[in-house]
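*Asks:* predicted model and sequence below, questions to follow.
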Amino acid sequence: MKSATLVLLVSCIVHVADAQDLFNKAKGSLAAKDTARAIAGFQDALKAGQKPSESNYFLGVIAFNQGRYDDAVQFLSTAVKINDEYVDALIALGDAYSMKGDAANAVAQYKRAAKVAPKDCRVPASYGAALVELNQLDGPEGAIVQLTRAKECDPNNPAVYVSLGDAYYKQGVIPLANANYEKALELSPKDLETQLKVARAYVKNRQYNEAVAAFESAVKIDSTNFDGYFEAGKILFRAKQYRRAAPYLYRAVLLKPNHVEAASIYAQTLAGAELWGEAAKAAGAAVKLDSTNIENWRAYAYALTENREYKEALTAFAALERRKAMKPEDYSYFGRALYSAGEKQKAMEILLKAVAADSTNCDPYFNLGSLYMEQRDYATAARMFEKKIACDPKSLTSYVNAGISYMQPPKNLPRARELFLKAIELKPDFFSALLWLARYYAEVDSVAAMKQMYDDVIRLGSEDPVKNKSALNEAYIQLGSYYFGQKNYAAALDNFRKALTYGESSGLQLAVGQCLILTRGEDADENRKRTEEAIVKFRRAIQLDANNAQAHFWLGNSLLYLRIEGDTQRNRELNEEACAEFRKALKLDPKLEDAKKAMERIGCK
């Protein structure tokens, strides 16, 4: 009997030793990160009835690490049922409940752990974090007390400071919240989430500049973080700091091109910053993502108008009209797009509606003035430009256009001069104002002042002669006329020749020919060359305008200068040709007495 009992005892010892070996091997596999073998080993140990609490604990930890939180709760709950003082299992079970979002059960496990191991630093840290989730912040058993204990117990644990910061954040004590977040960052400088918490705490406390700087620090930690760029951009957008907001929102949209809100705010930001080329592209993309967003359409319409894509802009404005979302400020842009797209009548209606809705809006007055100018209603045009000047004293073109309008009937020449001079005062090299002031002086026969202004026009216009060729042509013609009136025919000829380099006309060719004839001197050979050249100019004048009576007359006279004494036949031919030109001149202008006298002098029939 004794022998049988001894055999049974030895057998049990061997069995227990085998089970213990299974558990130890499973722990070894876990340490070696052979998870599958570890799971099998702990399950075998459980079947063998050895270390059930520890085996369930390790199976729970493995499930937790794999994200199988329901399985983790099941294993860990079994572990603490077997051993209700198993601190590691209680803490792990609390963590599993936390990951499931079950803060109440998490708190219950941490509370049990705190009773079992009051000096374990892990407990108050996890306990406090769970209490924060439940908003149980104050009181002797509240989150702040627990986390303060955790901080004293483990002062180098950044997670404790983050949780304490969260508690103060929920209480609205932002300076204390950020003090703890900053301490956490000091211990863990690359913690992106904590840096974002700092930034959002500043936002909550309305410390927007500090918030932007904190978001900037976040994207330095992770340059692919969408939230950092987007939230910084939103703050600056709402502050209407569009130029600062644009780069942040640009990066946000690059990271998430299909993020509807980011695309929309980016488009509006670019429009606010008047970066119209980029705004048109961004607003077009935003409209595609969300065609119900009114502000997307508004930004799109404005940007297209500024980009001179007027037909496309009208489509965008039509979208605003369909949604009955037109604002008073929209009419100005809408009218401008209509005007530039050639829909002048509707443009007038919309622009008048714009000023009726908001008379302080300067923009419509300019386009209205331009429309009235086209209708030759110069008095009304002048009033519109005057209103534009009144609310926008730096609108140089308005000064010039108002002056131009005053130079038309019913005229107000003194006011025209005043406006041109004001434009030049604001911008001394304002080419258009100089040109029109010169025309004003020509209108009032202020010859010396006219000459000075045209000299300035030539000086400035010569910087880009291709662009300014029409003005240069006019200036040289007027200066040529000035010298012609002074009987300085050589200077007149020089200016008329220069005018020809920028454009010809029948009158200009006539003027060149006249100067050539009037600058004839004592040298017979030189005179003949000048006469022959003059004849070419007169013939070109007639080619350009067959009804130019003066060109026919001067051609007739010039032909007579070619006669040579003794060459009877050639002289007869020249006389006949001259007579023909005089007849044409008289037919075109019967009052041309000089032509009659010339015909009598050479005996024309």
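*Replies:* Everything's here; your move. Numbering: from 1, shown residues only.
*Asks:* what helices or strands is the helix or strand hosting residue 491 leaning on?
*Replies:* If you go by DSSP states H and E, residue 491 is part of helix 489-500. Packing partners of helix 489-500 (3 or more Cβ pairs under 8 Å, 6 or more residues apart in numbering; DSSP states H and E): helix 469-485, helix 506-518. Quick note: C-beta positions are derived from backbone N, CA and C, even for glycine.
*Asks:* identify the residue spatially nearest to residue 376, adjacent ones excluded.
*Replies:* Distance criterion Cβ to Cβ, 6 or more residues apart in numbering; nearest residue to residue 376, sequence neighbours excluded, is residue 408 at 7.5 Å.
*Asks:* correct me if wrong: that neighbour contacts residue 377.
*Replies:* No: using Cβ atoms under 8 Å, residue 408 is not in contact with residue 377, being 9.8 Å away.
*Asks:* can you say which of the helices and strands packed on helix 489-500 is nearest to residue 499?
*Replies:* Closest to residue 499 of those is helix 469-485 (Cβ to Cβ; 3.6 Å).
*Asks:* run the chain-centre distance for that closest one.
*Replies:* 44 Å (Cα atoms, centre = their mean, to the nearest Å).
*Asks:* try stretch 417-430
*Replies:* Worked out by Cα atoms, centre = their mean, stretch 417-430 lies 31 Å from the chain centre.
*Asks:* what's that stretch in contact with?
*Replies:* 394, 396, 399-400, 402-403, 406, 432-434, 436-437, 440, 460 (Cβ atoms under 8 Å, 6 or more residues apart in numbering).
*Asks:* same check, this time on stretch 390-401
*Replies:* With contacts defined as Cβ under 8 Å, 6+ apart, stretch 390-401 is touched by 360, 362, 365-366, 369-370, 373, 381, 385, 388-389, 419-420, 422-423, 426-427, 430, 432-433, 436.
*Asks:* can you tell me which of the residues you listed end up in helices?
*Replies:* 365-366, 369-370, 373, 381, 385, 388-389, 419-420, 422-423, 426, 432-433, 436 (DSSP state H).
*Asks:* helices along the stretch 251-400 of the chain, start to end?
*Replies:* Ranges of helices within the stretch 251-400 of the chain are 260-272, 276-289, 294-306, 310-322, 328-340, 344-357, 363-374, 378-391, 396-406, based on DSSP state H, counting those that start in this stretch.
*Asks:* I'd like those helices as JSON lines, with mean pLDDT, mean neighbour count and distance to residue 81 appended.
*Replies:* JSON lines is the format used below for the helices of the stretch 251-400 of the chain (pLDDT from 0 to 100; neighbours: other Cβ atoms under 10 Å; distance: least, Cβ to Cβ, whole Å):
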{"stretch": "helix 260-272", "mean pLDDT": "97", "mean neighbour count": "24", "distance to residue 81": "49"}
{"stretch": "helix 276-289", "mean pLDDT": "96", "mean neighbour count": "20", "distance to residue 81": "54"}
{"stretch": "helix 294-306", "mean pLDDT": "96", "mean neighbour count": "24", "distance to residue 81": "59"}
{"stretch": "helix 310-322", "mean pLDDT": "95", "mean neighbour count": "18", "distance to residue 81": "66"}
{"stretch": "helix 328-340", "mean pLDDT": "92", "mean neighbour count": "22", "distance to residue 81": "70"}
{"stretch": "helix 344-357", "mean pLDDT": "92", "mean neighbour count": "18", "distance to residue 81": "76"}
{"stretch": "helix 363-374", "mean pLDDT": "92", "mean neighbour count": "22", "distance to residue 81": "78"}
{"stretch": "helix 378-391", "mean pLDDT": "95", "mean neighbour count": "20", "distance to residue 81": "82"}
{"stretch": "helix 396-406", "mean pLDDT": "96", "mean neighbour count": "24", "distance to residue 81": "88"}
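*Asks:* my read is that residue 222 contacts residue 229, right?
*Replies:* No: using Cβ under 8 Å as the test, residue 222 is too far from residue 229 to be in contact (10.5 Å).
*Asks:* who's more crowded, these two?
*Replies:* A count of neighbours by other Cβ atoms under 10 Å puts residue 229 above the other of residue 222 and residue 229, at 26 against 14.
*Asks:* ok, the more buried one - contacts?
*Replies:* Residues in contact with residue 229 (Cβ under 8 Å, 6+ apart) are 215, 219, 248, 249, 251, 252, 255.
*Asks:* ok, residue 449 next?
*Replies:* Applying Cβ under 8 Å, 6+ apart to residue 449 gives the contacts residue 441.
*Asks:* now the end-to-end length of stretch 517-528.
*Replies:* End-to-end distance of stretch 517-528: 10 Å, with Cα to Cα, to the nearest Å as the criterion.
*Asks:* pLDDT on that stretch, on average?
*Replies:* In this model, stretch 517-528 has a mean pLDDT of 93.
*Asks:* which residues are contacting it?
*Replies:* Contacts for stretch 517-528 (Cβ under 8 Å, 6+ apart): 489, 490, 493, 530, 531, 534, 554, 557, 558, 561, 562.
*Asks:* residues of it that come out buried?
*Replies:* Within stretch 517-528, the residues that count as buried by 16 or more other Cβ atoms under 10 Å are 517, 519, 520, 527.
*Asks:* and that stretch, how far out from the chain's middle?
*Replies:* With Cα atoms, centre = their mean, you get 66 Å for stretch 517-528.
*Asks:* list the contacts for the closest residue to residue 504 other than its chain neighbours?
*Replies:* Of all residues not flanking residue 504 in the chain, residue 544 sits nearest, at 7.1 Å (Cβ to Cβ, 6+ apart). The contact partners of residue 544, taken as Cβ under 8 Å, 6+ apart, are 504, 505, 506, 509.
*Asks:* got a winner among these for most neighbours?
*Replies:* That'd be residue 509 among the contacts of residue 544, by other Cβ under 10 Å, with 25 neighbours.
*Asks:* got the contact list for residue 165?
*Replies:* Residue 165 touches 176, 177, 178, 179, 180, 181, 184, 194, 197, 201, counting by Cβ under 8 Å, 6+ apart.
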